[in-house]
Structure formats: structure tokens, C-alpha cells
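Q: Dropping a prediction and its sequence here:
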Amino acid sequence: MTAQQTLFNITDDSLNTHRDTHAISGQEPLILTEIYQPEVHLTCWQRKQEAACLDYAQWLTERGRLLPVRLIAKPDELLKQLKQDLPDHPSRDAFLSDVILLADMFACLFGMEEVGLRLSLLKQAMCPRFHVDRIGARMVCTYTGEGTQWLADEWVDRSKLGHGSNGLPDHQSGLYPGHVAPLQASTGDVIIMKGDTWPEHEGRGVVHRSPECSEKTPRLFLSLDVM
């Protein structure tokens, strides 16, 4: 049995999970494998980050000069490339180990040799409007700052996405009911979202957005894409 098959077939009744209509979260990394369930659109691994990893992430955020790092590579090749792009620091190895762990998990989960990685320090929302991704799936983790926001599928009127909003803000366009609050990942959580091109899920990608951020409240954000 391959590592990928092992992941897909693991079940563990001890997982601390909370099920929504289309989202599932838990405190063990195996929760991410639930993304293959037809009714699940989003999985969230609720976790506490290691102190050293947090230390570097915070230092990098306060340094304030990280240009977007964009790489397409095998997980075992990412480390060398990231060391060239990220400034040295006593806690850098802990941070890099976490990034490589997530890349390994993502590649294993989807049976990929290469992953598309983006690491950015954001001082304004990258995608402030609710939208869907025209990809199969994406993993995201916010190391510092506010986490990604999304809407429960049952509340969304997809005809109001993009030009369908008629120029109105999301909360006024009818995209979702006024009494509904967007859901949001916590800092450090790892989420996987199905996109619009997920097989047998076309046109039903998770509707999500970047939270507000600024010079005073930046976000250090990692995303990994199915290639």
C-alpha cells in the first residue's frame, strides 16, 4: 500500500472532529484526508504551532520586507530553495521544517511529485472579495495575522459572485444573508479547500476571501496548489 493509499484509508474514531454541512475540522492532521469525502468541501486542521516556528514567523512579519516567494518543486527540493529566499535566523529551521511538512502532506494527499508554493507577507487583502478558485484544491495556512474566511455553501447565492454583484459590497449584494457571519480559520490552522475544477464538484468551489490586513496588522500567508 502506498503512502497516499494509507492516508486515504485511515479512519480513527478518536479524532476530535466537528462536522458542518460541508466543512469538517479537528485537532489531528488526518482530518485533512476527509477532503476526499464527496459531501466535504473544506477540511481544517486546528493546531498549535511550535514556539520556534512562531518565533521566526513573527520575526519575519516584523521585519516587513518579505517579497512573495513562488516556487514549483518537489517537496524535498523546496528546502534548498527556501533557504536561499528566506533570511537567516536562529529559528528559521523550525519554520522551514513546518513548511516542508505541509508540502509533504499536500503532495502525498494528492499523489503529486511537485507542488506550487506561495509564501507572502500581505499588508493589504490579496483577495478582499469573496470568490472561488479555478483549481482542483488549495492548502492554506496563515502564520501571523487573521486566517482565511469562507461562507458555508448552503448560504451562498453564487449568481452574486464577480460581476453578478453589480458593483455592490459582498454584504449588500445578496451573496449571503445579512444575518450570516463568515466562517474563519484561526492563525496557524491548516485548511484544504476544494476549487471549482475538483472532479465531480465542478462549479462548487469553496467561496472564500482574504481578511482585512494593513501595515499595522500584516499577514504571513502560505498557500499550496495542486499542480
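A: Perfect, I can see it now. Residues are numbered from 1 along each chain as shown.
Q: pLDDT below threshold where in the chain?
A: By pLDDT under 70, the low-scoring segments of the chain are 1-21, 125.
Q: and the longest helix for this structure?
A: Counting residues, the longest helix in the chain under DSSP state H turns out to be helix 92-110.
Q: Using CSV, write down the CA coordinates of it.
A: Output of helix 92-110 as CSV, limited to C-alpha atoms (Å, rounded to 0.1, in the frame of the first residue of the first chain):
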residue,chain,number,x,y,z
ARG,A,92,14.5,29.6,10.7
ASP,A,93,15.0,25.8,10.5
ALA,A,94,11.9,25.3,12.7
PHE,A,95,9.8,27.4,10.4
LEU,A,96,11.2,25.7,7.2
SER,A,97,10.5,22.3,8.8
ASP,A,98,6.9,23.2,9.2
VAL,A,99,6.5,24.5,5.6
ILE,A,100,8.2,21.3,4.3
LEU,A,101,5.9,19.2,6.4
LEU,A,102,2.8,20.8,4.9
ALA,A,103,4.2,20.5,1.4
ASP,A,104,4.9,16.8,2.0
MET,A,105,1.5,16.2,3.4
PHE,A,106,-0.1,18.0,0.5
ALA,A,107,1.9,16.2,-2.1
CYS,A,108,1.2,12.8,-0.5
LEU,A,109,-2.5,13.5,-0.2
PHE,A,110,-2.9,14.3,-3.9
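Q: For it, buried residues please.
A: Buried positions in helix 92-110, judged by neighbour count with 16 or more other CB atoms under 10 Å: 92, 94-96, 98-100, 102-110. All C-beta atoms are positioned from the backbone trio N, CA, C, and that covers glycine.
Q: Tell me which two in those residues are the farthest apart.
A: Considering CB to CB, no two members of the buried residues of helix 92-110 lie farther apart than 92 and 110, which are separated by 27.3 Å.
Q: can you map out the strands along the chain?
A: With DSSP state E, the ranges of strands along the chain come out as 17-19, 23-26, 42-45, 69-73, 115-122, 137-144, 149-150, 183-184, 190-194, 208-209, 219-225.
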